[in-house]
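*Asks:* below are the sequence and a predicted model; questions follow.
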Amino acid sequence: MNPKEYLDLPYGIVLRHMNDKSGSYYFATVEEMPGCMSDGATQEEALANIRESMELWIEGKIESGLDVPMPMAPESNKEYSGKYVVWLPKSLHARLALEADKEGVSLNQYTLYKLSV
């Protein structure tokens, strides 16, 4: 396949709104393409820029004789309850509970925060 054909496939583009010392912008990555990233002042600009980055990333793989990964199976057909049970060592459980208490939030809220950063 050529790069344009790969671009027609349903790759997982992740778009995040960022607000840091660089300012406010949108940052885009592609789940199946490690290191393929771009940004833009608007969502539309970031998405246009990531498409360009994807094409260059794919061309680089092809020119190097490396495989271009295919899109992951669509997860949108799955139903998720939001419940996630995990067993922890007692010491980690205690440390997380103490940190949550220090922040004045529940252990669930604190764990969700730690997982999302």
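*Replies:* Sure thing, it's come through. Numbers count the residues shown, from 1 in each chain.

*Asks:* phi and psi next, for the residue minimising distance to the centre of the chain.
*Replies:* To find the centre residue of the chain, average its C-alpha atoms and take the closest one (Cα atoms, centre = their mean): that gives Val14, at 5.1 Å. Torsion angles at Val14 (phi, psi; degrees, to the nearest 10) stand at phi -110, psi 120.

*Asks:* for it, give the beta-bridge partners.
*Replies:* Per DSSP bridges, the residues bridged to Val14 are Thr29.

*Asks:* so it sits right up against Met33, yeah?
*Replies:* No - the pair Val14 and Met33 does not pass the contact test of Cβ atoms under 8 Å, sitting 11.0 Å apart. Bear in mind the C-beta positions are built from the backbone N, C-alpha and C, glycine included.

*Asks:* in the protein, where's the longest helix?
*Replies:* Taking residue count as the measure and DSSP state H as the definition, the longest helix of the chain comes out as helix 43-63.

*Asks:* keeping just the C-alphas, turn the helix or strand of the chain with the lowest mean pLDDT into CSV.
*Replies:* Considering only helices and strands, the least confidently modelled element of the chain by mean pLDDT, DSSP states H and E is helix 107-116, at a mean of 88. Taking C-alpha atoms only, helix 107-116 is exported to CSV below (Å, rounded to 0.1, in the frame of the first residue of the first chain):
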residue,chain,number,x,y,z
LEU,A,107,-9.6,7.2,47.1
ASN,A,108,-11.5,6.7,43.9
GLN,A,109,-11.1,10.3,42.9
TYR,A,110,-7.4,10.3,43.7
THR,A,111,-6.8,7.1,41.9
LEU,A,112,-8.6,8.4,38.8
TYR,A,113,-6.5,11.6,38.9
LYS,A,114,-3.2,9.5,39.2
LEU,A,115,-4.3,7.3,36.3
SER,A,116,-5.2,10.3,34.1
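
*Asks:* buried residues, it. List them.
*Replies:* Taking 16 or more other Cβ atoms under 10 Å as the basis for neighbour counts, the residues of helix 107-116 that come out buried are 110-111.
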